[in-house]
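Peer 1: sequence unknown, structure follows:
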């Protein structure tokens with residue numbers, strides 16, 4: 001049986017400023033957890049002056065691997081909401 005799912009076609013970036021705070025989002029297609037971690041490290045290096053580099057990812061046809069990281073924000077307030085958006089968009 002063929003499983004159908006949505007995935008990211010390539011890389012993307014978006015920026016928004018809310019009340020003098022700058023939020024920059026990055027997205028990329030990865031197929032392994034190592035690749036996801038490498039992408040996160042690449043973004044952290046690119047934005048090394050950022051206060052927080054929060055992240056989330058889902059990997060696998062059934063989203064078997066899911067991880068959310070708050071990077072210093074209060075627990076569950078940054079990475080988890082990002083992950084929930086990914087889940088909602090499937």
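Peer 2: Happy to help now that I have it. Values in this document were obtained by computation on a predicted structure and should not be read as measured data.
Peer 1: which residues of the chain fall in helices?
Peer 2: Taking DSSP state H as the criterion, the chain carries its helices at 33-46, 79-88.
Peer 1: For residue 56, find the nearest of the ones you listed.
Peer 2: helix 79-88 (3.8 Å; CB to CB). Where you see a C-beta, it was placed from the backbone N, CA and C, and this is true even at glycine.
Peer 1: For the closest one, give me every contacting residue.
Peer 2: 54-58, 63, 66-71, 73 (CB atoms under 8 Å, 6 or more residues apart in numbering).
Peer 1: Quick check: the two most widely separated of these?
Peer 2: 63 and 73 (23.0 Å).
Peer 1: just to revisit the earlier point, export the helices of the chain to TSV and tack on mean neighbour count?
Peer 2: Below are these laid out as TSV (neighbours: other CB atoms under 10 Å):
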stretch	mean neighbour count
helix 33-46	14
helix 79-88	14
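Peer 1: among these, which is nearest residue 16?
Peer 2: Ranking the helices of the chain by proximity to residue 16 (CB to CB) places helix 79-88 first, at 14.0 Å.
Peer 1: Roughly how far does residue 90 sit from residue 63?
Peer 2: Taking CB to CB, to the nearest Å as the measure, residue 90 falls 8 Å from residue 63.
Peer 1: Looking at the two now, which is surrounded by more residues?
Peer 2: Shown here are residue 90 and residue 63; by other CB atoms under 10 Å, residue 63 has more neighbours (14 against 10).
Peer 1: list the residues that contact both of residue 90 and residue 63?
Peer 2: residue 5.
Peer 1: which residue ranges form the strands in this protein?
Peer 2: Under the criterion DSSP state E, strands of the chain are mapped to 12-18, 21-27, 55-59, 65-69.
Peer 1: what's the most buried one of the ones you listed?
Peer 2: Scoring the strands of the chain by mean neighbour count under mean count of other CB atoms under 10 Å gives strand 55-59 as the most buried, with a mean of 21.
Peer 1: Output the contacting helices and strands for it.
Peer 2: helix 33-46, strand 65-69, helix 79-88 (3 or more CB pairs under 8 Å, 6 or more residues apart in numbering; DSSP states H and E).
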